[in-house]
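**Student:** Next input, structure requested:
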Amino acid sequence: MRDGALELWLRLLALHIEDPDEGDIRTREIRDGWLLASRGYFGGHVPVALDEAVHDAAGRQIVVEAIYALMEALKRGPEKLDRGTLNVLGIEGEYCADYDSSALLEVGQAFLDLIDGKIQSTAADISFVPGNLRS
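**Tutor:** Numbering: from 1, shown residues only. This is a model prediction of the structure:
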C-alpha cells in the first residue's frame with residue numbers, strides 16, 4: 001500500500017492501543033514503534049513490524065483489539081477525515097485533501113486478513129491496494 005495510507009493508519013492505530021500499565025513493556029513497544037513508523041521518515045519501507053507484534057498471543061490481542069477499536073471509531077466518524085485535522089497529527093509532509101474513512105477501513109480489514117493468514121499474495125501483487133484515496 002502507499003506509504004501515506006500506511007502511516008496514517010499506523011498513527012491512528014497506535015492511538016487506539018489501550019494505555020499500558022507501568023510494567024507493560026510489550027504494549028509500549030508496539031505503540032511506540034508504530035508512532036515512530038508513522039512519522040513519515042521511512043519513504044518506501046515503513047517499519048510496521050507486524051510479524052513481530054503478533055508473534056505471540058499477548059501481542060496479537062493488543063494489535064487485534066486496537067484494530068477493532070479504530071475500525072469502530074471510523075465507522076462512527078465522518079465519511080471523510082479533514083485534511084486540516086490530519087495535518088496536526090505529527091506526520092511529516094502535508095495532507096492536501098480530505099481522506100476517506102472507507103479507505104482506512106480497507107486497511108484495517110487487510111491487516112486483520114493478513115494476521116489471520118487470509119492474504120497469500122506478496123507486495124508485487126497490486127490487483128488490490130488497500131487505503132487508496134478516491135475522488
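**Student:** quick one: the strands in the chain?
**Tutor:** According to DSSP state E, the chain carries its strands in the segments 80-81, 99-100.
**Student:** neighbouring strands for the first one, and are they parallel or not?
**Tutor:** Right, strand 80-81. Each strand paired with strand 80-81, and its direction, by DSSP bridges: strand 99-100 (antiparallel).
**Student:** just for the protein, where's the confidence low?
**Tutor:** Applying pLDDT under 70 to the chain flags residues 122-129, 132-135.
**Student:** Longest helix in it, please.
**Tutor:** Counting residues, the longest helix in the chain under DSSP state H turns out to be helix 57-76.
**Student:** That helix - contacts with which helices or strands?
**Tutor:** Applying 3 or more Cβ pairs under 8 Å, 6 or more residues apart in numbering; DSSP states H and E, we find helix 57-76 packed against helix 3-15, helix 25-37, helix 50-53, helix 101-115. Where C-beta positions appear, they are placed from N, C-alpha and C, glycine not excepted.
**Student:** what helices or strands is the shortest one leaning on?
**Tutor:** The helices and strands touching helix 50-53, judged by 3+ Cβ pairs under 8 Å, 6+ apart, are helix 57-76, helix 101-115.
**Student:** Adding distance to Thr27, write these out as CSV.
**Tutor:** Formatted as CSV, those follow (distance: least, Cβ to Cβ, whole Å):
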stretch, distance to Thr27
helix 57-76, 5
helix 101-115, 17
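**Student:** so which of these is the most packed in?
**Tutor:** helix 101-115 (a mean of 18; mean count of other Cβ atoms under 10 Å).
**Student:** Report all helices and strands that it contacts.
**Tutor:** In terms of contacts (3+ Cβ pairs under 8 Å, 6+ apart), helix 101-115 is packed against helix 3-15, helix 50-53, helix 57-76, strand 80-81.
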